[in-house]
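**Student:** need a structure here:
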Amino acid sequence: MSATQPKVTEREARQVAEAAREQDWRKPSFAKELFLGHFRLDLIHPHPMPADEDVRRGEAFLARLRAFCESELADGLPARIEREAKIPDETVRRLKQLGALGMKIDPKYGGLGLTQVYYNKALALVASVSPAIGALLSAHQSIGVPQPLKMFGTQEQKDTYLPRCATTAISAFLLTEPDVGSDPARLATTAVPDGEDAYVLDGVKLWTTNGVVADLLVVMARVPKSENHRGGITAFVVEADSPGVTVEHRNAFMGLRGLENGVTRFHQVRVPAGQRIGAEGAGLKIALTTLNTGRLSLPAMCVGSGKWCLKIAREWSGVREQWGRPVARHEAVGAKISFIAATTFALEAVVDLASQMADEDRNDIRIEAALAKLYGSEKACLMADELVQIRGGRGFETAESLAARGERAVPAEQMLRDLRINRIFEGSTEIMHLLIAREAVDAHLSVAGDLIDPEKALGDKARAGARAAGFYARWLPKLATGPGQVPGAYRGFHPSGHPDLAVHLRYVERSARKLARSTFYAMSRWQGRMETKQGFLGRIVDIGAELFAMSAACVRAEHLRACGDHGREAYQLADAFCQQSRVRVEELFGRLWSNTDDLDHRVVAGVLSGTYAWLEEGVLDPSGDGPWIAEAAPGPSTHENVHRPIR
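**Tutor:** Next comes the predicted model:
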């Protein structure tokens, strides 16, 4: 641990995270109600629709973007990025000219003003050419300068920075540090007030996506508490070429080889107070609120990956023969293709539904967006892995090698490498499980939190007990029965000649109530220890994700049928997905109470104590003896500045 690294207890870390949460639910939330056992189909059906002008503007840009992507494909851009580990500067300049930096920025600031739905479609399209380009555009607009300024910036800040972000200036978001990931309570970068009109930044940031080429940075730094300063983690807009800012290293990864991601050091960087976003101490709340919709960009690109995997699987499996027939006709391979097709349909349903709800702003989608990120990143990796398996040896072979020996240059192994980071980006799967679980049990903690908190006084516990008794007296009876047990419920989802999706919606309704009962039982059983049961909480969230995806798939199928667009085929895909999902849900329900969690804890204790060190004998470790975490003490940089803005 660095000498400057704040030491915090587990409780203090939780308090920081809790303070950054949005505490209130001012709008309805389909997913929140789902975890409470209430299947509010009325919140998502009929499927929300975009305004005609939004469609016109979005389709016009998609047409221009498609033409750009087709020309870049013809010039061999994907292979060049993979080979050179860099997006060519001229490509970035053409994207700027196209307006791609300003997709989500209001036209009055020079942007395109696209909706979340069309922004996501654009990212899926461009990421199919190069995931690195998708990451550049997403990091710039989903979590970089434009989004937090749009939501929390002053009018002066918007007037100053949004026109630049819409046309020329690439932005980056800097939160992570060498020894700080998803636990921001230990953030070490400081912003010390310098008089009344400035702050001085010192610290090191790691994994700064876009940081190598950025013109503008959103930096999270800790302001010390003092007289006239409330202190806390605070957000700042920083000019990347400010004196004292050094990009010390450009990181290289197993995938996304064109990613402009680095290590950035701040040494005595003076930042005017007018470049602070929001109030002191509001930085984490700004970051989390920004991510409520910003997280949707990642699963949107996962949708694009699923579509590509399906295309390759279909074309390859129809021509590759084994034992006298195409491999797609063999059940073992066919099951993989069915999984890819059904999952792609459902994932697109989840992303489009959550995005349209974000555009309408009638619902609180913080849980829906988090579920989309979690589900999309996990399922996209599985789809890419299945594609590699379907392709066999060719799936493991690089596109360059395939082309060199005269075959189609299918980058299946690259797709798998590129997608793997999505399970870590913007909150790892494990962190997403905890984040979603916290929101899912919010109603319980609101009424019974003091009751299970060991540090609360007896008087607080007594009052909490009275509140809890009233809440559960009203809530628990509603979990006993519902429309999921009525044979004719949701009959609108079983039109003549189509598969019966109503049966799946009834299953979702029953399972939501079962999920809520399971959560209540677990809280009663473990009380204050509930937060340590991460295996259980992860399965609760995964069940909720499956139920949300099933709901979205059914609603999308009915929407397409009503519009006359591939209705029967959509119903078939939704039916297939729901059948597959139900198998997973039943397995997860079983593993809530029948699992190896306690045994795993004992094994982990043995591993950490060295009890099983003998098992490691017989191999050599090529990683050497270097430090596990690089020293990141503040001070002047001793490295060459590799920052290279693209003018």
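**Student:** Give the phi and psi angles for His267, as a check.
**Tutor:** phi -130, psi 110 (degrees, to the nearest 10).
**Student:** For it, list the residues it contacts.
**Tutor:** By CB atoms under 8 Å, 6 or more residues apart in numbering, the contact list for His267 reads Asp202, Gly244, Thr246, Pro634, Gly635, Pro636, Ser637. From N, CA and C alone the C-beta is placed, and that goes for glycine too.
**Student:** can you tell me the helix or strand for the third one?
**Tutor:** The reference is to Thr246. Thr246 is part of strand 245-250 when elements are defined by DSSP states H and E.
**Student:** same deal with the fourth one?
**Tutor:** Using DSSP H and E, no element contains Pro634; it sits outside every helix and strand.
**Student:** so who does it touch?
**Tutor:** Thr4, Ala188, Thr190, Asp202, Gly203, Val204, His267.
**Student:** Can you tell me which of these are buried?
**Tutor:** Ala188, Thr190, Asp202, Gly203, Val204, His267 (16 or more other CB atoms under 10 Å).
**Student:** which one in the contacts of Pro634 is the model shakiest on?
**Tutor:** For those, the model is least confident at Thr4; its pLDDT is 50.
**Student:** Quick check, central residue of the chain?
**Tutor:** Among the residues of the chain, the one closest to the centroid is Lys373, at 3.5 Å (CA atoms, centre = their mean).
**Student:** quick revisit: if you look at the contacts of Pro634, which of them are in strands?
**Tutor:** Thr190, Asp202, Gly203, Val204, His267 (DSSP state E).
**Student:** Just put those residues in CSV and tack on distance to Tyr521.
**Tutor:** Shown next, in CSV, are these (distance: CB to CB, whole Å):
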residue, distance to Tyr521
Thr190, 45
Asp202, 49
Gly203, 45
Val204, 46
His267, 54
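**Student:** any idea which of those residues is closest to Leu123?
**Tutor:** Closest approach between the ones in strands among the contacts of Pro634 and Leu123, by CB to CB: Val204, at 29.7 Å.
**Student:** And the closest one, how far from Pro645?
**Tutor:** 20 Å (CB to CB, to the nearest Å).
**Student:** low-scoring stretches of the protein, by residue?
**Tutor:** 1-7, 10, 12-14, 20 (pLDDT under 70).
**Student:** please redo it, this time with the cut-off set to 80
**Tutor:** By pLDDT under 80, the low-scoring segments of the chain are 1-23, 181-184, 321, 323-324, 326, 447-456, 461, 464, 528.
**Student:** In the chain, mark out all the strands, start to finish.
**Tutor:** Assigned strands in the chain, in chain order: 171-174, 190-193, 198-209, 216-223, 232-239, 245-250, 261-272, 276-277, 321-322, 325-326 (criterion: DSSP E).
**Student:** Among those, which comes closest to Asp450?
**Tutor:** Of all the strands of the chain, strand 232-239 sits nearest to Asp450, with 24.7 Å by CB to CB.
**Student:** on that earlier part again, please identify the most buried of the strands of the chain.
**Tutor:** Ranked by average neighbour count under the criterion mean count of other CB atoms under 10 Å, these are headed by strand 171-174 at a mean of 28.
**Student:** what lines up beside that strand in the sheet?
**Tutor:** Strand 171-174 sits in its sheet next to strand 216-223 (parallel), going by DSSP bridges.
**Student:** For the strand it pairs with, what is the distance to the chain centroid?
**Tutor:** Offset of strand 216-223 from its chain centre (CA atoms, centre = their mean, to the nearest Å): 21 Å.
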